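>>> Just need the structure, nothing else, for what follows:
(one chain, ligands or ions: 1)
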Amino acid sequence: MERLRQNFITIQQKVEKAARKSGSRAEDITLLAVTKTVDIETTQQAYQLGIRDFGENRTRELNRKQAALPAGRWHMIGRLQSNKLKDIIGRVHLIHSLDSWHMAEEIDKRARYLETEAAVLLQVNISGEEQKTGVEPADVATLLDSLGQLLSLRLYGFMTMAPLASVGEESRPVFAELYNLREKLKEQFFANVELKYLSMGMSQDYEVAIEEGANIVRIGSALFG
Ligand SMILES: *Cc1c(COP(=O)(O)O)cnc(C)c1O
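Below you'll find the predicted structure:
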């Protein structure tokens, strides 16, 4: 608990500093604690420290931890599978990993059935790595345009992953490109789309991400490690 507290304080200070540098406010940046490597007890300790947003990349783990900590806001950050959507739609606060039109239709269908609205981010493959999921930057505008048809899905922004081995400064061009894409697309109107979140930056590069405009950072090892 003590180490977790120290880590949390250090991260908050760095977030504060990066926010100042970028002209944003630290309170507008969401620290999303990625709990995939820790147990429920540690997750609850993070909640006690004041962390409210939690992310998991697997549905079962997400369901398990959310059941133990229903007061938290839970985010799905991992690859989506159609057959598991029923376990996350209507339960999670935000899905970060929409990566295809087909999946958007599936999410919409499920949300409509539940008479709810699914809040999602579109994962964009900026780095161009083949093993990375996400929509190609060149295809984003077309997809956003089509989302007007899906009345139970609302897109709140973009998420990206920097290349696997990249740390700190190496990630900067990737984050800057997603920011620029968002700024460009903000000039157009897309129904059911509100481009207010940029989910980018992890333990190795969250400060750089904030400097480049991130307002959600997904942090695992720097917090729990
Ligand atoms: C694991 C994971 C993170 C957190 O990674 P750390 O390097 O531990 O901070 C962030 N985003 C996604 C999608 C992840 O799977």
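>>> Now do the contacts for E211.
The contact partners of E211, by Cβ atoms under 8 Å, 6 or more residues apart in numbering, come to A18, K21, S22, R172. For every residue, glycine as well, the C-beta is placed using N, CA and C.
>>> Read off the pLDDT value for it.
With respect to pLDDT, E211 has a value of 97.
>>> mind listing what I95 touches?
H75, M76, L80, I88, I107, A118, A119, V120, L121.
>>> Make sure the fourth one is actually in contact with N57.
No. Taking contact to mean Cβ atoms under 8 Å, the distance of 11.6 Å between I88 and N57 leaves them out of contact.
>>> For those two, list the residues in contact with both.
Both I88 and N57 are in contact with M76, where contact means Cβ under 8 Å, 6+ apart.
>>> out of the two, which sits in the more crowded spot?
I88 (22 against 18; other Cβ atoms under 10 Å).
>>> Just give the number of residues close to the residue in the chain that the ligand sits nearest to.
With distances taken as Cβ to the nearest ligand atom, the chain approaches the ligand most closely at G220, which sits 2.6 Å away. In terms of burial, G220 registers 19 neighbours under the definition other Cβ under 10 Å.
>>> who's in contact with it?
G220 makes contact with A33, V34, T35, K36, T37, M202, S203 under the criterion Cβ under 8 Å, 6+ apart.
>>> what's the pLDDT at it?
pLDDT recorded at G220 is 98.
>>> Near the ligand, which residues of the chain are found?
Residues of the chain found near the ligand (Cβ under 6 Å from any ligand atom) are 34, 36, 57, 77-78, 202-204, 218-222.
>>> right, and the helix or strand after the longest helix along the chain?
Once the chain is assigned using DSSP state H, the helix that runs over the most residues is helix 2-22. Sequence order places strand 30-34 as the next helix or strand after helix 2-22, per DSSP states H and E.
>>> Please find the angle between the direction vectors of that following strand and helix 2-22.
Between the axes of strand 30-34 and helix 2-22, defined by axes from the mean of the first three to the mean of the last three Cα atoms, to 10 degrees, the angle is 140 degrees.
>>> Just checking: what are the partner strands of strand 30-34?
Each strand that pairs with strand 30-34, with its direction, by DSSP bridges: strand 53-56 (parallel), strand 216-219 (parallel).
>>> Pull the distance from that strand to the chain's centre.
The gap between the average C-alpha position of strand 30-34 and the chain average comes to 9 Å, counting by Cα atoms, centre = their mean, to the nearest Å.
>>> Can you list the buried residues in it?
Residues of strand 30-34 classed as buried: T30, L31, L32, A33, V34 (neighbour count, 16 or more other Cβ atoms under 10 Å).
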